[in-house]
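Engineer: let me see the structure of the following:
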Amino acid sequence: VSRHQVMDGNGADHLFAYPSYSFIAERLATGQVRQAWHLANQYSYMSSQSAWRMMTEAFKQLVPHSVRDGIGPLLRGGRAASFETLTERSIPPWFTDDFLRRYGLRRRILEHQYPMSRSGFINAEVLPFVAGDWLNWYTALPYGVTITRPYFDPRLVTLGLALPVWLHSQPGRMKPVLAAALHDVLPEKIITRSRKAHFGIFMNGMTRHQAALETIIEKAPIPDGILHREILLDALAKTALGIYDHILGVGRLRMALGYLHWLSRRDAWQKLTVPTITLQEVCHDERSTP
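Structural biologist: Reported below is the predicted structural model:
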């Protein structure tokens with residue numbers, strides 16, 4: 001069995017890449033409206049957003065999670081009016097009213113929101129939400145691959161929590177060190193870019209496999225009274241066309257489709273042989289070192 005270890009960058013944003021509107025929210029919280037507007041204009045160019053949208057996102061950080069999406073979702077008990085407006089806090093529109101009441105979806109969703117400080121900066125209370133890494137360790141372990149997240153090392157987390165709020169990146173070029181290292185490798189247009197884009201990777205898969213996903217939605221053996229299949233089909237069609245506002249809403253759709261796919265093939269998967277491997281085969285053994 002080959003032995004490989006992969007390190008990923010998950011956790012870096014939690015520690016060092018605070019959302020730019022967090023710094024704007026800090027100014028608003030202390031009554032420095034003019035300074036907040038100045039920062040919004042600076043960051044708006046770097047993030048390709050309007051200054052007004054930056055101010056709106058900053059203001060949301062100062063109110064409870066339950067009202068951040070506005071009056072409409074609040075009056076509807078947290079339900080999103082449509083797929084296009086779905087956020088990480090609102091209830092997806094494809095769930096039935098009976099199901100969301102029976103299982104208290106609104107309460108459970110709000111309980112799983114990061115307990116950030118007033119402006120979104122990481123604090124000690126958020127650590128339980130990112131503690132543990134069972135999935136990444138287990139997924140590739142049978143194939144001799146372990147996936148680690150060095151940014152969640154307790155020593156690095158301690159360093160991140162100790163950094164003062166004023167010590168943050170200033171609006172400017174994206175990743176200047178990386179750009180300098182690759183100045184003669186990548187095209188100039190990429191080196192001098194002002195923002196990062198994902199070039200449709202969030203919807204290309206939906207587009208390529210739309211017909212298969214529609215079949216899964218229509219035929220998945222799920223009991224009545226849980227999902228509105230027609231709303232899921234509509235959300236899939238809009239995602240394939242790029243009609244959505246929040247990428248996190250697309251993530252909610254992907255989870256729903258993933259569950260339906262698992263449910264559709266559960267019987268077949270239960271009959272598969274699960275590969276096994278011992279920890280000794282993937283751990284470093286000093287006795288075998290020449």
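Engineer: how much space between the residue nearest to Asn10 when sequence neighbours are not counted and Thr30?
Structural biologist: Once flanking residues are discounted, Asn10 sits nearest to Arg149: 5.1 Å by CB to CB, 6 or more residues apart in numbering. C-beta here means a position set from N, CA and C on the backbone, and glycine is covered the same way. Distance from Arg149 to Thr30, counting by CB to CB, to the nearest Å: 34 Å.
Engineer: looking at these two, which is more packed in?
Structural biologist: Neighbours of Arg149 and Thr30, each counted by other CB atoms under 10 Å, are more numerous for Arg149; the result is 17 against 10.
Engineer: strands along the stretch 51-200 of the chain, start to end?
Structural biologist: Ranges of strands in the stretch 51-200 of the chain, per DSSP state E, counting those that start in this stretch, are 145-148.
Engineer: show me where it has helices.
Structural biologist: 51-60, 71-75, 97-102, 105-111, 127-130, 134-139, 154-162, 176-181, 188-191 (DSSP state H, counting those that start in this stretch).
Engineer: right, so the ones you listed: which one is the most enclosed?
Structural biologist: helix 51-60 (a mean of 18; mean count of other CB atoms under 10 Å).
Engineer: from the contact counts, what lies against that one?
Structural biologist: helix 20-29, helix 33-47 (3 or more CB pairs under 8 Å, 6 or more residues apart in numbering; DSSP states H and E).
Engineer: and the last one, how far out from the chain middle?
Structural biologist: Averaging C-alpha coordinates over helix 33-47 and over its chain gives two centres that are 24 Å apart (CA atoms, centre = their mean, to the nearest Å).
Engineer: and it with helix 20-29, angle?
Structural biologist: Helix 33-47 runs at 170 degrees relative to helix 20-29, counting by axes from the mean of the first three to the mean of the last three CA atoms, to 10 degrees.
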